[in-house]
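Asker: curious how this folds, go ahead:
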Amino acid sequence: MTKKTVFKYIKTPCGQAKYTELEANKTLLGKFRLLWFILIASIKDWNIKD
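Answerer: Alright, predicted model coming up:
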């Protein structure tokens with residue numbers, strides 16, 4: 001699996017799995033949920049070291 005650029009900001013394995021799950025939903029609401037998740041998850045994972 002190639003590492004996505006967004007995984008630099010979403011660092012936990014469970015967060016990365018949820019990102020992959022939300023990315024599969026291509027509806028307008030699904031895209032909104034994905035953007036919202038990226039925003040919240042990157043703030044929560046801000047202090048986690050790589």
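Asker: who does the top helix by length along the chain touch, helix- and strand-wise?
Answerer: Using DSSP state H to define each element, the chain has its longest helix at helix 28-44. Helix 28-44 is packed against helix 13-23, with contacts defined by 3 or more C-beta pairs under 8 Å, 6 or more residues apart in numbering; DSSP states H and E. Placement of C-beta: from N, CA and C, glycine included.
Asker: identify each buried residue in the helix it packs on, please.
Answerer: For helix 13-23, a neighbour-count test (16 or more other C-beta atoms under 10 Å) marks 15-16, 19, 22 as buried.
Asker: likewise stretch 37-50?
Answerer: For stretch 37-50, by 16+ other C-beta under 10 Å, it's 37-38, 41.
Asker: the longest helix of the chain versus helix 13-23: what angle between them?
Answerer: 160 degrees (axes from the mean of the first three to the mean of the last three C-alpha atoms, to 10 degrees).
Asker: so how far is helix 28-44 from its chain's centroid?
Answerer: Using C-alpha atoms, centre = their mean, to the nearest Å, the mean C-alpha position of helix 28-44 is found 7 Å from that of the whole chain.
Asker: measure Lys49 to Trp36 for me?
Answerer: Here the distance between Lys49 and Trp36 works out to 25 Å (C-beta to C-beta, to the nearest Å).
Asker: quick check: phi and psi on Trp46?
Answerer: With angles defined as degrees, to the nearest 10, Trp46 sits at phi -50, psi -40.
Asker: for it, give me the pLDDT.
Answerer: For Trp46, the pLDDT comes out at 90.
Asker: also Met1?
Answerer: Looking at Met1, its pLDDT is 50.
Asker: equivalent analysis for Leu22, please.
Answerer: At Leu22, the pLDDT value in this model is 96.
Asker: now do Tyr19
Answerer: Per-residue pLDDT puts Tyr19 at 95.
Asker: residues touching the closest residue in space to it that isn't next to it in sequence, list them.
Answerer: Closest residue to Tyr19 apart from its sequence neighbours, by C-beta to C-beta, 6 or more residues apart in numbering: Ile10 at 5.6 Å. Residues counted as contacts of Ile10 (C-beta atoms under 8 Å, 6 or more residues apart in numbering) are 16, 19, 38, 41-42, 45.
Asker: much appreciated, bye for now.
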